[in-house]
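Student: Whatever this is, show me its structure:
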Amino acid sequence: MKLYDKNDMVKAGCHDCKGCSSCCRGMGDTVILDPFDVYRLTTGLGKSFEELMNGKIALHVEEGIILPHIQMEEESGHCVFLNEEGRCRIHAYRPGLCRIFPLGRSYEEGTLKYFLLEDCPAENKTKVKVEKWIDTPDIRQNEKFLVTWHYLIKALREKTEEAQTVNVLLLKVFYFMPYSADIDFYSQFEERMVLFEEMLQTSKVES
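Tutor: The predicted model follows:
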């Protein structure tokens, strides 16, 4: 599997999808949302996490950790944010996993790389720079956040005896607590990392 850096060229350009929406259908609970996704969705749509939980976002357990994901329509199986023309209603605020497709993420030794998935049916794909394709401001900060988040979740999955406490605090601190649109996400995330660790330690003492 070839791995790509943000500065590499990759054959991922799919000509603006040309009405294709196959990657927005039948995804089940796999479009998992990280805190940056929720920040973008809540501030972009002007809705709270609780409001989005009403038909747009659902929770599921993945290896012992409860995480939110984009919902699919029950009957059609397509993303709830897909319109009648097969286009994304939240394209400017779409989740990171949607944003990078047909690329996937690979985490090795504290670094983030990308690889090309085989799921996209588009033909005659063009080469595009990974950074341009991902279309995320401050990509270095974003990659640093993604690595931090990945290894946090990985570490929390090992805390099986504290699973209930971990899940309650994780959802409360990183998802249900409102994000401010007027403050940089990454500074808010760093503050929440400190808060989460403090609350986790406090819960250990009290127990």
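
Student: Show me what the longest helix along the chain is packed up against.
Tutor: Longest helix of the chain, by residue count under DSSP state H: helix 185-206. With contacts taken as 3 or more C-beta pairs under 8 Å, 6 or more residues apart in numbering; DSSP states H and E, helix 185-206 sits against helix 35-45, helix 139-156, helix 163-171. Every C-beta, even on glycine, is put in place using the N, C-alpha and C of the backbone.

Student: so which of those is the most packed in?
Tutor: helix 35-45 (a mean of 20; mean count of other C-beta atoms under 10 Å).

Student: That helix vs helix 163-171, what angle?
Tutor: Relative orientation of helix 35-45 versus helix 163-171 (axes from the mean of the first three to the mean of the last three C-alpha atoms, to 10 degrees): 40 degrees.

Student: just the angle between helix 35-45 and helix 139-156, please?
Tutor: For helix 35-45 against helix 139-156, the angle by the same axes, to 10 degrees is 120 degrees.

Student: pLDDT of whichever helix or strand comes after helix 35-45, averaged?
Tutor: Next along the chain after helix 35-45, taking DSSP states H and E as the criterion, comes helix 49-52. Rounded to a whole number, the mean pLDDT of helix 49-52 is 98.

Student: for stretch 177-194, same thing?
Tutor: Rounded mean pLDDT across stretch 177-194 is 97.

Student: returning to what we had before: how about the helices and strands packed on helix 185-206 in JSON lines, adding mean pLDDT and distance to C20?
Tutor: Shown next, in JSON lines, are the helices and strands packed on helix 185-206 (pLDDT from 0 to 100; distance: least, C-beta to C-beta, whole Å):
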{"stretch": "helix 35-45", "mean pLDDT": "97", "distance to C20": "23"}
{"stretch": "helix 139-156", "mean pLDDT": "97", "distance to C20": "26"}
{"stretch": "helix 163-171", "mean pLDDT": "96", "distance to C20": "34"}
